[in-house]
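Trainee: Curious how this folds, go ahead:
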Amino acid sequence: MDLVSGSWDNTVKFWRVTSSEFKETRKPVNLKVAVLATDIHETKVVAGTYDKKVILMDTREDVKKMTFFKCHTKPVLAVKITDRQVVSLSEDQYLVVYDRAAGKRFKKILIPGHGFPMSMSWHGNSLYVGDRQVPCS
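Mentor: Just a heads-up that it's a prediction; the model follows:
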């Protein structure tokens with residue numbers, strides 16, 4: 001199984017996880033800004049950063065071939081990548097869907113409420129979003 005991680009040390013790291021080991025598979029990529037969220041799908045990796053960017057890269061290519069999307073006005077807290085889309089959530093309360101084939105933003109949706117979205121999970125045709133708002137009793 002392949003795993004990707006991001007960190008406040010500004011790096012994206014690539015890992016191979018087996019039943020007997022946990023090993024880095026290539027040199028870390030330094031994005032020069034805190035990496036708050038990551039996801040991997042086959043050879044494509046997406047990272048969400050503190051400086052409001054969503055960065056798409058391929059594990060087989062040089063780091064100079066990264067694609068940058070700047071559709072948020074605050075830090076990107078969660079990202080998800082599929083065959084056709086990249087989805088991101090930010091402190092700016094927006095969920096943004098990027099079309100991978102077209103290489104541009106497809107949809108920008110405001111998440112209502114006073115909190116901001118912090119996490120998401122995609123199962124089948126449903127996307128679940130968690131926010132920082134505390135429910136009232």
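Trainee: got the residue ranges for the strands in the chain?
Mentor: Under the criterion DSSP state E, the chain contains strands at 2-6, 11-17, 22-24, 29-30, 35-41, 44-49, 54-58, 67-69, 76-81, 85-90, 94-99, 104-110, 117-123, 126-131.
Trainee: Paired strands for the shortest one, with orientation please.
Mentor: As defined by DSSP bridges, the strand partners of strand 29-30 come to strand 11-17 (antiparallel).
Trainee: Would you mark the buried spots in the partner strand?
Mentor: Buried residues in strand 11-17, counted by 16 or more other Cβ atoms under 10 Å: Thr11, Val12, Lys13, Phe14, Trp15. The way it works is simple: take the backbone N, C-alpha and C, and place the C-beta from them, glycine included.
Trainee: For the first one, give its distance to Leu110.
Mentor: Spelled out, that is Thr11. Separation of Thr11 from Leu110 (Cβ to Cβ, to the nearest Å): 32 Å.
Trainee: likewise the fourth one?
Mentor: Plainly put, Phe14 is 34 Å away from Leu110 if you go by Cβ to Cβ.
Trainee: do the same with the third one
Mentor: Noted for Lys13: a distance of 33 Å to Leu110, by Cβ to Cβ.
Trainee: Same check on Gln85?
Mentor: Gln85 is 18 Å from Leu110, where distance means Cβ to Cβ.
Trainee: and if you look at Gly6?
Mentor: Here Gly6 is placed at a distance of 25 Å from Leu110 (Cβ to Cβ).
Trainee: When these two are compared, which one has more neighbours?
Mentor: Ranked by neighbour count (other Cβ atoms under 10 Å), Gly6 and Leu110 place Gly6 first, with 24 against 9.
Trainee: Correct me if wrong: the more buried one contacts Ala37.
Mentor: Yes: at 6.5 Å, Gly6 counts as touching Ala37 under the criterion of Cβ atoms under 8 Å.
Trainee: Common neighbours of those two, please.
Mentor: Listed as contacting both Gly6 and Ala37 by Cβ atoms under 8 Å, 6 or more residues apart in numbering are Ala47, Gly48.
Trainee: what about this structure, any weak spots by pLDDT?
Mentor: Counting by pLDDT under 70, the chain shows low-confidence ranges at 134-137.
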